[in-house]
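Asks: show me the folded form of this:
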Amino acid sequence: MSAEDVEVHFRPEARRFEIEVGGEAAGYTRFYDRGGVRTFVHTEIDPAREGQGLGGRLVREALDQTRSNGLRVNPECPFVRSFIESHQEYADLVAAA
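Replies: Residues are numbered from 1 along each chain as shown. This next block holds a predicted model:
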């Protein structure tokens, strides 16, 4: 799998970001927006694709897009919360509780 084969798509109508490898669905992260805060509620990667760094790539791009949209983040999803804790460059996105 090369980096060129991996694409992340923002699907606002479905309230999710999706990741594809070679044009095939490999996972997603679901969210909802309310009051300037994007709440991430669930992230899932195809079990056959786990361990390839796809979850991290998906969440990184979702957070980057969220930042560029001027939104804050509520990381209800344990995967997103753990990612932010491990990547402090995204800590400023977390909305105050």
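Asks: which stretches of the protein form strands?
Replies: Remark: strands assigned in the chain by DSSP state E are 6-11, 16-21, 24-34, 37-45, 72-75.
Asks: just checking, what packs against the fourth one?
Replies: On a contact count with 3 or more Cβ pairs under 8 Å, 6 or more residues apart in numbering; DSSP states H and E, strand 37-45 meets strand 24-34, helix 54-68, strand 72-75, helix 78-86. Backbone N, C-alpha and C define where each C-beta goes, glycine included.
Asks: kindly report the same for the second one.
Replies: Applying 3+ Cβ pairs under 8 Å, 6+ apart, one finds that strand 16-21 makes contact with strand 6-11, strand 24-34, helix 54-68.
Asks: and for it, what's in contact with it?
Replies: If you take Cβ atoms under 8 Å, 6 or more residues apart in numbering as the criterion, strand 16-21 is touched by 1, 5-11, 25-31, 45, 49, 54, 57-58, 61-62, 65.
Asks: mind doing that once more with 6 Å?
Replies: 1, 5-11, 26-30, 54, 58, 62 (Cβ atoms under 6 Å, 6 or more residues apart in numbering).
Asks: pretty sure residue 55 sits against residue 45.
Replies: Yes: counting by Cβ atoms under 6 Å, residue 55 touches residue 45, with 4.9 Å between them.
Asks: what's the closest non-adjacent residue to the residue nearest the centre of the chain?
Replies: For the chain, residue 59 is the residue whose C-alpha lies nearest the centre (Cα atoms, centre = their mean; 2.7 Å). Nearest residue to residue 59, sequence neighbours excluded (Cβ to Cβ, 6 or more residues apart in numbering): residue 83, at 4.7 Å.
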